[in-house]
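>>> Got a sequence here, can you model it:
(one chain, ligands or ions: 1)
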Amino acid sequence: MNSLAQHNDLRDLHEKVAAGERISEADALRLFESKDLNAIGAIADLVRARKVGNRASYIINRYLNYSNYCILSCQFCSFAKKKRDADGFQLSIEEMVVKAREALAIGITELHIVGGLHPSLPFDYYTGMLRTLHALDARLQLKCFTAIEILHLAWLAKKSVPDTLAELKAAGLDSLTGGGAEIFRKEVRSAIAKGKESGEEYLDVHRTWHQMGGRSTCTMLFGHIESLADRVDHLRQLRALQDETRGFVAFVPLPYQPEDNDIPVTTPPTGFDTLRTLAISRIYLDNFDHLTAYWVGMGLKLAQVALSYGADDLHGTIIEEHIFHMAGATSPQQQTEAALVKAIREAVRTPVQRNTFYEPIKTWDSTPADAGNAEAGRSKTLDSNLATA
Ligand code: SF4
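Presented below is the predicted three-dimensional model:
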């Protein structure tokens, strides 16, 4: 495949990347303006292979939204509700424990917990939630809260961000989520997420967490009103913070979902746009170890193809997703471990079950002759997954 990039207009960039040199913002923009998707993919695949070899990962996880009540009304958001809305919800800690126990029974190693900016829940609801869930199972990792939630909790607790993060960490927080980055440029941000934290504030929360020894992921919501230069600028700011802290474990690009929200977008991200954005992210973010193809936003079929365009991770089983589905995502609510393993094997990669920090939990046998048959070497987790399905 690399011959695709060696014999065309992008040859100089291929050579630069092959030599281990960092590409510039102008190079990234040039890649975005190229129509040669396969050449871009070939360069990204070179970086991916250098980072992770033939492995591609997934996690057995569960999403858990404690509430969708939110004091903000970001224009792109279909998840947030007000107390007057019939479809608003709020879970008690006991209700969260029931859902967590059910998920632990099918082998999850991570709870991914986010919510809206709740108007009245006290700070000790959040620390109590973490403490209770943390005590359920030693193997469970808690990946919780976006940067704006952290700022909201700091305001609630009347504490500084470092003190707030320290209390949450002491209660059991393992990792921050990457949600809420959207697009950093102020003009775009105020048009799609008025009232939300600035790009600088998002980065500051993650910087503070990293300086405390914490790790997190980061995201970019693309394919709405932003320009290609805005995407490059967003990646530039993430790469700069990663140079500083090395605290991001992965980048997770999020294709915009155009349904049921207030941003009129006539051309939401196509397959072409999604693949090139992942591939260029993989090439540009040379200081990130992992790139996740988020199947919820692009469907598992395209996420599988993205494994040849720079991605080395398919995210997880998820079990119950609200945020993208309330915005019109047509992907299923969950994936089984078998479906993720099958997708990875068909892409001729070695499946690896990972934890929250992208560290391997289980490496599957090398790809069997029948690449599509996930039964051939299934794990204990899969066995119990199937047994309880
Ligand atoms: S994106 Fe987050 S902060 Fe914005 S309205 Fe939705 S839940 Fe609230």
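>>> Quick check: pLDDT value at Thr388.
Looking at Thr388, its pLDDT reads 27.
>>> Correct me if wrong: Trp364 contacts Pro351.
Yes - if you go by Cβ atoms under 8 Å, Trp364 and Pro351 touch, sitting 4.4 Å apart. Placement of C-beta: from N, CA and C, glycine included.
>>> Now do the shared contacts for the two.
Common neighbours of Trp364 and Pro351, using Cβ atoms under 8 Å, 6 or more residues apart in numbering, are 341, 345.
>>> The two - which one has more neighbours?
Neighbour count, other Cβ atoms under 10 Å: between Trp364 and Pro351, Pro351 has more, with 26 against 21.
>>> Contacts for the helix or strand hosting the more buried one, please.
Pro351 belongs to strand 350-354 when assigned by DSSP states H and E. Contacts with strand 350-354, where a contact means Cβ under 8 Å, 6+ apart, come from 54-60, 313, 337, 340-341, 344-345, 360-364, 366-367, 379, 381.
>>> Just the buried ones from these?
Those of those that meet the buried threshold are 55-60, 313, 337, 340-341, 344-345, 364, 367, 379, 381, by 16 or more other Cβ atoms under 10 Å.
>>> how close does the residue lying closest to Val232 once chain neighbours are set aside get to Ser281?
In space, Val232 comes closest to Ala28 once its chain neighbours are excluded; the distance is 4.7 Å by Cβ to Cβ, 6 or more residues apart in numbering. When Cβ to Cβ, to the nearest Å is applied, the distance between Ala28 and Ser281 equals 9 Å.
>>> Can you report how many residues lie near whichever residue of the stretch 101-250 of the chain sits closest to the ligand?
Per Cβ to the nearest ligand atom, Gly116 is where the stretch 101-250 of the chain lies closest to the ligand, at 3.8 Å. Look at Gly116: counted by other Cβ under 10 Å, it has 25 neighbours.
>>> cool, and the one 10 residues further on?
Neighbour count of Tyr126, defined by other Cβ under 10 Å: 27.
>>> Also Ala86?
5.
>>> close enough to count as contact, Met326 and Phe76?
No - the criterion here is Cβ under 8 Å, and Met326 misses it with Phe76 at 11.3 Å.
>>> How about the residues of the protein by the ligand?
Along the chain, the residues adjacent to the ligand under the rule Cβ under 6 Å from any ligand atom are 70, 72-74, 77, 79-80, 116-117, 148, 193, 196.
>>> Let's see that with 8 Å instead.
Residues of the chain found near the ligand (Cβ under 8 Å from any ligand atom) are 68, 70-74, 76-77, 79-80, 115-117, 146, 148-149, 179-180, 193, 195-196, 323.
>>> if we can go back for a sec, and the contacts of strand 350-354, which of them are in strands?
Secondary structure defined by DSSP state E assigns 55-59, 313, 360-363 of the contacts of strand 350-354 to strands.
>>> can you list these in CSV and add pLDDT and distance to Thr277?
Below are those laid out as CSV (pLDDT from 0 to 100; distance: Cβ to Cβ, whole Å):
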residue, pLDDT, distance to Thr277
Arg55, 97, 22
Ala56, 98, 19
Ser57, 98, 20
Tyr58, 98, 21
Ile59, 98, 22
Asp313, 98, 16
Pro360, 98, 27
Ile361, 98, 29
Lys362, 97, 30
Thr363, 96, 29
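>>> And the pLDDT for the residue nearest to Val232?
Looking at Ala28, its pLDDT reads 98.
>>> Kindly report the same for Asp262.
78.
>>> cool, Gly271 as well?
Note on Gly271: pLDDT of 97.
>>> show me what contacts it?
With Cβ under 8 Å, 6+ apart, Gly271 has these contacts: 298, 302, 305.
>>> do that again at 7 Å, thanks
Gly271 sits next to Leu302 when contact means Cβ atoms under 7 Å, 6 or more residues apart in numbering.
>>> Report the secondary structure state of whichever residue of the stretch 251-389 of the chain sits closest to the ligand.
Taking Cβ to the nearest ligand atom, the ligand has its nearest neighbour within the stretch 251-389 of the chain at Ile323, 7.8 Å off. Here Ile323 is coil, with the state taken from DSSP: H, G, I helix; E, B strand; the rest coil.
>>> Might one say that it is in contact with Phe79?
Yes - judged on Cβ atoms under 7 Å, Ile323 makes contact with Phe79 at a distance of 4.6 Å.
>>> where's Tyr58 relative to Asp204, distance?
From Tyr58 to Asp204 the distance is 31 Å (Cβ to Cβ).
>>> mind listing the strands for the stretch 101-250 of the chain?
Along the stretch 101-250 of the chain, the stretches classed as strands by DSSP state E, counting those that start in this stretch are 110-114, 141-144, 175-176, 215-222, 248-255.
>>> Name the nearest residue to Val52, sequence neighbours excluded.
Asp312 (4.6 Å).
>>> Around the one you found, how many other residues sit close by?
Other residues near Asp312 come to 27 when the count uses other Cβ under 10 Å.
>>> ok, now which ones touch it?
Taking Cβ under 7 Å, 6+ apart, we find Asp312 in contact with 48, 51-52, 55-57, 290-291.
>>> try it again with 8 Å
48, 51-52, 55-57, 290-291, 349.
>>> Equivalent analysis for Val249, please.
Val249 neighbours (Cβ under 8 Å, 6+ apart): 175, 215-217, 289-290, 357-358.
>>> hang on, the earlier thing: any common contacting residues for Ala28 and Ser281?
Between them, Ala28 and Ser281 share the contacting residues Leu235, judged by Cβ under 8 Å, 6+ apart.
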